[in-house]
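>>> Model the structure of this input:
(one chain, ligands or ions: 1)
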Amino acid sequence: MTDRSSLVQAARAELAALPSAGLGLWPTPLHRLERFSEAVGAEIWIKRDDIQGVALAGNKIRKFDLVLGQALAKGYDTLVTTGARQSNSARTGAAAAAMLGMDCVLLLSGDEPPRATANLLLDHLLGADVRFAGDVGWADLNRELDRIVTDLDATGRRAFAAPVGCSSPLGTLGFARAFQELDGQLEALGLAPEAVVHASTSGGTHAGLLVGRALSERDLRLIAVDVGLISRRPAFTLARMANRAAEELGFDAGISEAEIEVLEDQLGDGYAIPTPAGDAAIALLARTEAILTDPVYSGKGLAGLLALVERGELSGPIVFWHTGGYHALFDPDFAEGH
Ligand SMILES: Cc1ncc(COP(=O)(O)O)c(C=O)c1O
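Numbering: from 1, shown residues only. Presented below is the predicted three-dimensional model:
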């Protein structure tokens, strides 16, 4: 065995040993999109992380699984997390906490609206204690998060804070496990896709997939479609996040900026602002396969995949990683345009 391969083996064992909270119904399905592929003119498969058995599912479940697995192992009984008012991550945290019998406090930015809709409605339904921080920046939000943890601890609770998007190094490793799950499915199908394409914002999903690929023997392109512009240098940020997550496994992944592929032309006018290409991709997938994507994340991610096919930069087979997210479909502003 070479040195590198024994280090990879050791890191894989570390990854397998991380405690799981048992949240997802895994593996999520991987299936071919027959009618969509025909319409697009390329062989396209889909990884269904929109179906995972927890509320409306989505990519954050894989992160919360490891983060809460560790929290439970350490005896924490309350999850405190934060995000925007309609955060998918916060809603997933509320769902995960409900499933595990933990209490959950959500600190959301903005003011309380007169009526709770979409994810906010679900946060309440899932039993979370929802608090509003007003119009503050991330630094203030994090300070307030720490204050809530201290106050809860003073009342005898054992509170645990998960960061925005649950994209801590440990949460990120949820997607290294997800890559291994996909690898096994591809192996069983005898399928060797050219690329995996998905929507990206905080970067945890992509960074985790990069770690998974570094621990595998599979050669495929990983393409992040930036739908939230988290950094002015996304490739640098993603490489750093991936290397930092691999360090949790005692592994020096040595992932360089040069191997990161980020598609930056699908953002349109900004985060959460629908684009014509995103809306068209949502409609095409819905009408050919009855699979729903949303205008903030997965619809723009899918539009990125279609743009790459159209420009001849991908020919297939391609796996579209459906990261979930539905609430924006029910946003009145989005619905008005349809
Ligand atoms: C539905 C959905 N897809 C994709 C993403 C992006 O994932 P990440 O933050 O890991 O880049 C998010 C993040 O909120 C999301 O909610």
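>>> ok, which residues in the stretch 51-200 of the chain are in contact with the ligand?
Proximity of the stretch 51-200 of the chain to the ligand, by C-beta under 6 Å from any ligand atom, involves residues 58-59, 88-89, 165, 167, 199-200. (C-beta placed from N, C-alpha, C; glycine too.)
>>> Going through the residues you listed, which ones are buried?
58-59, 88-89, 165, 167, 199-200 (16 or more other C-beta atoms under 10 Å).
>>> Narrow the residues you listed to those in strands?
199-200 (DSSP state E).
>>> Using CSV, please lay out the buried ones among the residues of the stretch 51-200 of the chain next to the ligand together with pLDDT.
Converted to CSV, those look like this (pLDDT from 0 to 100):
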residue, pLDDT
Gly58, 91
Asn59, 94
Asn88, 92
Ser89, 92
Gly165, 85
Ser167, 85
Ala199, 98
Ser200, 96
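>>> Next secondary structure after the helix or strand harbouring Ala96?
Assessed by DSSP states H and E, Ala96 sits inside helix 88-100. Sequence order places strand 103-108 as the next helix or strand after helix 88-100, per DSSP H and E.
>>> what's that next one packed up against?
strand 78-83, helix 88-100, helix 118-125, strand 129-132, helix 138-154 (3 or more C-beta pairs under 8 Å, 6 or more residues apart in numbering; DSSP states H and E).
>>> Report the rounded mean pLDDT for that strand.
Mean per-residue pLDDT for strand 103-108: 97.
>>> so that strand versus strand 78-83, what angle?
Here the directions of strand 103-108 and strand 78-83 differ by 20 degrees (axes from the mean of the first three to the mean of the last three C-alpha atoms, to 10 degrees).
>>> angle of strand 103-108 against helix 138-154?
Using the same axes, to 10 degrees: strand 103-108 against helix 138-154 is 160 degrees.
>>> helix/strand/coil for the closest residue in space to Ala42 that isn't next to it in sequence?
Distances taken as C-beta to C-beta, 6 or more residues apart in numbering place Gly316 nearest to Ala42, at 3.8 Å, with adjacent residues excluded. The three-state label given to Gly316 by DSSP: H, G, I helix; E, B strand; the rest coil is coil.
>>> which stretch of helix or strand covers Gly301?
helix 298-310.
>>> Pull out the buried residues from that helix.
If you call a residue buried by 16+ other C-beta under 10 Å, then helix 298-310 has these buried ones: 298-309.
>>> and the ligand, which of the residues you listed reach it?
Taking C-beta under 6 Å from any ligand atom as the test, the ligand is in contact with Ser298 out of the buried residues of helix 298-310.
>>> returning to that earlier point: what residues does the helix holding Gly301 touch?
With contacts defined as C-beta atoms under 8 Å, 6 or more residues apart in numbering, helix 298-310 is touched by 40-42, 44, 50, 195, 197-200, 223, 225, 227, 263, 265-268, 274-275, 277-282, 284-285, 293, 314-316, 318, 320-325.
>>> Which among the helices and strands packed on strand 103-108 is found nearest to Glu289?
Glu289 sits nearest to helix 88-100 of all the helices and strands packed on strand 103-108, at 21.7 Å, using C-beta to C-beta.
>>> And the closest one, what does it pack against?
The contact analysis (3+ C-beta pairs under 8 Å, 6+ apart) places helix 88-100 against helix 60-73, strand 78-83, strand 103-108, helix 118-125.
>>> Put the alpha carbons of it into CSV.
Below are the C-alpha coordinates for helix 88-100, written out as CSV (Å, rounded to 0.1, in the frame of the first residue of the first chain):
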residue,chain,number,x,y,z
ASN,A,88,-34.3,26.0,4.6
SER,A,89,-31.5,25.2,7.0
ALA,A,90,-33.5,26.6,10.1
ARG,A,91,-36.6,24.6,9.0
THR,A,92,-34.5,21.5,8.6
GLY,A,93,-33.0,22.1,12.1
ALA,A,94,-36.5,22.3,13.5
ALA,A,95,-37.5,19.1,11.8
ALA,A,96,-34.4,17.3,12.9
ALA,A,97,-34.8,18.4,16.5
ALA,A,98,-38.5,17.3,16.4
MET,A,99,-37.5,13.9,15.1
LEU,A,100,-34.8,13.4,17.8
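>>> Just want the angle from that helix to strand 78-83.
Here helix 88-100 runs at an angle of 160 degrees relative to strand 78-83 (the same axes, to 10 degrees).
>>> what is the mean pLDDT for the helix holding Gly301?
So the average pLDDT for helix 298-310 ends up being 98.
>>> How far does that helix sit from its chain's centre?
Mean-position distance between helix 298-310 and its chain equals 17 Å (C-alpha atoms, centre = their mean, to the nearest Å).
>>> Same check on stretch 46-53?
Remark: stretch 46-53 is offset 11 Å from the chain centroid, using C-alpha atoms, centre = their mean.
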